[in-house]
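J.: curious how this folds, go ahead:
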Amino acid sequence: MTINIVIAGPRGKMGSEAVKMVMNEPDFRLVACIDHKNNGKTLDTILPEVDRAIPIYEDAQACFQNHKNTDVLIELSVPAAGYKHTKTALEHKVRPVVGTTGFTETQLKEVDAFAQQQNVGCMIIPNFAVGAVLMMKFAKMAATYFPDVDIIEKHHDQKLDAPSGTAIKTAELIRENRQSKKQGHPEEKETIPGARGADLDGIKLHSVRLPGLVAHQEVIFGSPGQTLTIKHDSMNRASFMDGIKLCVNRVMEIKGLIYGLETIL
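T.: Down below sits the predicted model:
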């Protein structure tokens, strides 16, 4: 069965990699793209590696109205647009596979309820790399024995949200196996605000943004006399494509929201 796909954010580094993956996959067909620029143009005029005239829309409503055969939206744009595109796709019974992060808990509940109402699947995936998902699973296991933990996530300097969705998801998984506690000295003070990082139930999260990075995270556990570091590095964005491919196929089979790749591995 051929799956008809719309990609939001085709000019981005993740989006352009997804365009190549979809166009090279025999069971996938790219029917259109959503982009906040280049409305009315075709993808071959802005991406030199594309040799087909795939239409580009600025407005998601117009895109789905003109391509009623769309099965899946791959959403890889920016946080400000990701939620809107996801809701619009669901309105048209298009199944979103979302890599854009920044969704609030309230938004996740709304998306789940709407997907259930529309009787279609939706997947929001903070990290499509299988290795990153294993890192999160191992961190959750370790938290049973190591309640003191810091998360350091490192991304390229064009990433808009901090901390990353992967870091937040990792902290949420750790929290399931860890009692809430305040880390460090009870009377410690930040001489520069933010020096100890963000705080999620006592778990410290630190974000690094530098050119040359792609997506990297280490989870550092400490206890008397020992530390344990669980680390994952994505060297390029091709590392995410197998996860996207898996999700596109799986979202056709589910109803409601799945959050996190670990739930289907």
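
J.: can you tell me the SS state at the residue of the chain positioned farthest from its centre?
T.: Within the chain, E187 marks the point farthest from the mean C-alpha position, 36.5 Å out by Cα atoms, centre = their mean. Using DSSP: H, G, I helix; E, B strand; the rest coil, the structure places E187 in coil.

J.: now do it against Q179, distance only.
T.: Distance from E187 to Q179, counting by Cβ to Cβ, to the nearest Å: 21 Å. In this view, the C-beta of every residue, glycine as well, is placed from N, C-alpha and C.

J.: check what pLDDT A238 gets.
T.: On pLDDT, A238 comes in at 87.

J.: tell me who's in contact with it.
T.: Applying Cβ atoms under 8 Å, 6 or more residues apart in numbering, we find A238 in contact with E17.

J.: did I read that right, it in a helix?
T.: Yes. Under three-state DSSP, A238 sits within a helix.

J.: neighbours of H92, how many?
T.: 17 (other Cβ atoms under 10 Å).

J.: once you drop chain neighbours, what's closest to it?
T.: With sequence-adjacent residues excluded and distances taken as Cβ to Cβ, 6 or more residues apart in numbering, H92 is closest to F64, at 4.0 Å.

J.: so what touches the helix or strand containing the one you found?
T.: Using DSSP states H and E, F64 maps to helix 60-66. With Cβ under 8 Å, 6+ apart as the test, helix 60-66 has contacts from 6, 8, 32, 34, 55, 57, 70, 84-85, 88-89, 91-92, 94.

J.: and what of stretch 97-114?
T.: 8-9, 14, 72-79, 81-83, 86-87, 90, 122-126, 128, 160-161, 164-166, 168, 240, 244, 247-248, 251, 256-257, 259.

J.: can you tell me which of those residues end up in strands?
T.: 8, 72-75, 122-124, 256-257, 259 (DSSP state E).

J.: redo those residues as TSV? Include distance to T229 and neighbour count.
T.: Converted to TSV, the ones in strands among the contacts of stretch 97-114 look like this (distance: Cβ to Cβ, whole Å; neighbours: other Cβ atoms under 10 Å):
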residue	distance to T229	neighbour count
A8	35	32
V72	37	25
L73	37	29
I74	33	29
E75	32	29
C122	34	29
M123	29	27
I124	28	26
G256	36	16
L257	32	22
Y259	26	19
